[in-house]
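Colleague: turn this into a structure:
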Amino acid sequence: MAGIGFEIRKILRRDSYMSLFSAYAYAGIIGSGPWILSILGVLIIGVISLGIVLPNVLITQFQVTITHLIAMSLILTGFLQLGFTRYIADRLFEKNTDAILPNFIGAIFITTLVSGLIGMALAFFAFPNQDAVYRILLIANFVVLCNIWIATIFLSGMKNYKAIVVLYAVGYSIAVVAALVLRMFGLNGLLIGILLGHFTLFSGMMLLIIRTYPSDHFIEFDFLRKKRMFVSLIWTGFFFNLGIWIDKYIFWYTPSTGQPVIGAFHASLIYDLPIFLAYLSIIPGMAVFLVRMETDFVEYYQKFYDAVRDGGTLDYIEEMRDEMVETARQGIFEIIKIQAMAVLIVFVAAPTVLELIGISQYYISLLYVDVVAAGLQVVFLGVMNVLFYLDKRVIALVMTALFAGLNLIFSLLSIHLGANWYGYGFAVSLLITVVIGLYWLDRKLSILEYETFMLQK
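Modeller: Prediction:
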């Protein structure tokens with residue numbers, strides 16, 4: 001699968017400081033572009049609506065609605081994301097490309113059906129005081145978002161990162177323009193605008209997938225057959241997304257930290273803003289993550305397993321194994337190093353930044369904790385990425401389940417202990433999970449040759 005690694009290698013071959021900077025900048029844009037564009041899109045829609053959409057609480061209701069729909073759609077589609085991506089990767093390895101498009105459409109059909117039923121239940125029972133238009137838009141946005149995540153993870157698995165960023169840029173640009181035109185219709189006008197942007201984004205992804213993997217069949221459900229998808233990956237995707245969001249839900253729905261905004265949707269003023277600012281600090285770590293994992297590590301990973309499959313000499317296999325292990329360790333170390341630098345920069349600049357954007361300094365201690373947690377999340381992604389390459393699915397499942405469980409327990413405990421402990425639940429759960437993950441990863445890398453040759457079925 002041709003991907004970002006080839007593009008980055010082309011840049012790095014120029015062998016200059018500018019090429020090095022360009023490679024990391026490119027990786028940062030590719031790795032962080034989609035979620036930055038989505039966040040900026042929603043924020044810009046809110047800003048351009050000030051003074052037009054009245055009362056201003058409607059803007060908050062719009063942003064909270066979209067945030068909840070994103071969270072719920074990610075958790076719901078987590079069941080399908082990793083398992084279906086692995087199914088597609090296996091079909092590509094078999095060179096059975098005819099099965100890709102029909103099964104992708106099958107996955108979209110299942111996603112639309114399930115998300116539509118859940119969306120209707122949510123709209124009718126959780127929003128008794130909202131009008132019919134809001135409820136219809138709620139269902140439509142939820143269904144489209146669920147389908148977007150399936151298409152996004154599909155294209156990410158195919159390493160089509162540039163197309164993802166371009167499509168997200170186009171989609172959210174249309175969302176902003178449409179919301180600007182329709183903002184006179186209030187909350188429903190903003191929801192129509194974001195729906196048009198999301199629908200454009202999803203349509204672009206569908207066209208790209210159809211062009212890339214044409215097929216004579218329209219729809220198939222082969223991926224639902226027994227042993228066609230790994231159960232461990234199904235639950236790993238769910239627990240990962242649940243772990244990322246569960247602390248937010250706890251702060252949203254705890255009376256002392258959250259408040260109702262619209263219908264059943266709550267928000268937490270004290271928690272949401274610091275975590276949003278903290279996530280901006282992971283851009284450097286995401287850049288290093290892509291550069292190291294998609295260039296050096298993947299190169300030696302492919303050479304090692306090609307040598308195993310093609311009957312390479314023992315000396316060559318051991319050499320490639322050593323190089324792969326070293327690049328994996330160096331990659332994770334560099335992620336830790338870069339994120340530590342980002343954390344230190346935020347610690348120094350945070351008081352000035354908060355003052356410039358008019359945010360109270362009371363947020364600063366929570367911001368510090370969230371920045372550390374966000375950095376640990378990037379390290380967690382790095383460890384998970386190597387485990388997936390090595391096909392250690394059970395370990396990945398245990399790690400994500402551990403993360404979700406610890407985040408639930410420690411976040412509840414942090415609220416019980418008081419405001420000085422807010423954010424520590426998210427940070428400590430990630431710290432424990434990362435330490436355990438590094439230990440397991442080190443053990444598996446040390447016996448990689450044994451497991452590669454002796455434990456095959």
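
Colleague: so where is the chain shaky, pLDDT-wise?
Modeller: 1-17, 19-35, 53-54, 157-161, 357, 450, 453-457 (pLDDT under 70).

Colleague: any idea how far the most far-flung residue of the chain relative to its centre lies from residue 400?
Modeller: Ranked by distance from the centre of the chain (CA atoms, centre = their mean), the top residue is residue 313, with 39.6 Å. Distance, residue 313 to residue 400, by CB to CB, to the nearest Å: 38 Å. Yep, even glycine has a C-beta here, placed from its N, CA and C like the rest.

Colleague: residue contacts, the residue farthest from the centre of the chain?
Modeller: Applying CB atoms under 8 Å, 6 or more residues apart in numbering, we find residue 313 in contact with residue 307.

Colleague: burial check on residue 283, number of neighbours?
Modeller: When neighbours are counted by other CB atoms under 10 Å, residue 283 registers 20.

Colleague: show me what counts as buried in the helix or strand harbouring it.
Modeller: Secondary-structure assignment from DSSP states H and E places residue 283 in helix 283-291. Neighbour-count burial for helix 283-291 flags 283-291 (criterion: 16 or more other CB atoms under 10 Å).

Colleague: packing partners of that helix?
Modeller: Using 3 or more CB pairs under 8 Å, 6 or more residues apart in numbering; DSSP states H and E, the elements in contact with helix 283-291 are helix 4-12, helix 17-48, helix 314-356, helix 364-389.

Colleague: helix or strand right after the second one?
Modeller: Read it as helix 17-48. Sequence-wise, the next helix or strand downstream of helix 17-48 (DSSP H and E) is helix 57-93.

Colleague: could you check how far that following helix is from the centre of its chain?
Modeller: Offset of helix 57-93 from its chain centre (CA atoms, centre = their mean, to the nearest Å): 9 Å.

Colleague: which one of the buried residues of helix 283-291 is nearest to residue 342?
Modeller: Of all the buried residues of helix 283-291, residue 284 has the smallest distance to residue 342: 5.1 Å, by CB to CB.

Colleague: my guess is the closest one meets residue 341, correct?
Modeller: Yes - with contact defined as CB atoms under 8 Å, residue 284 reaches residue 341; the gap is 7.4 Å.

Colleague: can you list phi and psi of residue 262 for me?
Modeller: For residue 262, the backbone dihedrals (degrees, to the nearest 10) come out as phi -150, psi 120.

Colleague: my guess is it contacts residue 65, does it?
Modeller: Yes - the pair residue 262 and residue 65 passes the contact test of CB under 8 Å, sitting 6.3 Å apart.

Colleague: looking at the two, which is more packed in?
Modeller: Comparing residue 262 with residue 65 by other CB under 10 Å, the one with more neighbours is residue 65, at 26 against 22.

Colleague: the closest residue in space to residue 58 that isn't next to it in sequence - how many residues pack around it?
Modeller: Closest residue to residue 58 apart from its sequence neighbours, by CB to CB, 6 or more residues apart in numbering: residue 187 at 4.5 Å. For residue 187, the count of nearby residues is 23 (other CB under 10 Å).

Colleague: residue 232 now?
Modeller: Residues near residue 232, counting by other CB under 10 Å, number 19.

Colleague: contacting residues around it?
Modeller: Residue 232 neighbours (CB under 8 Å, 6+ apart): 393-394, 396-397.
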